[in-house]
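*Asks:* got a structure for you, letters missing:
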């Protein structure tokens with residue numbers, strides 16, 4: 001998070017030893033719909049529970065961020081394997097859907113807990 005030509009302020013990294021294997025441009029965001037069923041999502045969005053569309057707006061912002069990060073996570077197979085292996089150990093399940101959505105949410109939650 002220091003200002004440096006290779007490490008601009010506001011960037012976050014997933015580091016194994018001393019250099020980051022993966023870099024987030026900006027803070028990872030929380031998925032407001034994480035592990036909700038389709039029925040739960042329909043209930044929230046279909047009623048006046050969310051009159052200003054905050055949940056939907058937050059999800060669109062999260063989704064756009066996760067999709068932009070997905071393109072930056074194309075790595076060599078060894079690093080990719082280690083990331084997936086660590087993610088499975090940390091709780092990723094196939095039913096969680098898109099891996100990058102889970103990873104961005106997971107990293108945001110870890111950062112939130114560490115404050």
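*Replies:* Now that the structure is in, tell me what you want to look at. What you see is a predicted model, and the numbers here were worked out from it, not measured in a lab.
*Asks:* from the chain's centroid, how far away is stretch 4-11?
*Replies:* Distance, stretch centre to chain centre, for stretch 4-11: 19 Å (CA atoms, centre = their mean, to the nearest Å).
*Asks:* pLDDT below threshold where in this structure?
*Replies:* Residues of the chain meeting the criterion pLDDT under 70: 1-3, 46-52, 115.
*Asks:* the same query, at a cut-off of 90, please.
*Replies:* Along the chain, segments meeting pLDDT under 90 span 1-28, 33-57, 59, 69-76, 79-80, 94-98, 110-115.
*Asks:* which residue is nearest the middle of it?
*Replies:* residue 104 (0.9 Å; CA atoms, centre = their mean).
*Asks:* for this protein, which helix is longest?
*Replies:* Of all the elements of type helix in the chain, the one with the most residues (DSSP state H) is helix 54-70.
*Asks:* please name every helix or strand in contact with that helix.
*Replies:* strand 20-25, helix 38-46, helix 99-113 (3 or more CB pairs under 8 Å, 6 or more residues apart in numbering; DSSP states H and E). Placement of C-beta: from N, CA and C, glycine included.
*Asks:* adding distance to residue 73, write these out as TSV.
*Replies:* Shown next, in TSV, are the helices and strands packed on helix 54-70 (distance: least, CB to CB, whole Å):
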stretch	distance to residue 73
strand 20-25	6
helix 38-46	26
helix 99-113	6
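*Asks:* looking at these, which is nearest to residue 71?
*Replies:* Taking CB to CB as the criterion, helix 99-113 is the member of these that comes nearest to residue 71, at 9.3 Å.
*Asks:* packing partners of the closest one?
*Replies:* strand 11-15, helix 54-70, helix 77-90.
*Asks:* now what about it, what contacts it?
*Replies:* Defining contact as CB atoms under 8 Å, 6 or more residues apart in numbering, one finds that helix 99-113 is touched by 12, 14, 24, 27-31, 34, 62-63, 65-67, 69-70, 73, 83-84, 87, 90-92, 96.
*Asks:* out of these, which are buried?
*Replies:* The neighbour count (16 or more other CB atoms under 10 Å) marks 12, 14, 24, 28-31, 34, 62-63, 65-66, 69, 73, 83, 87, 96 as buried among the contacts of helix 99-113.
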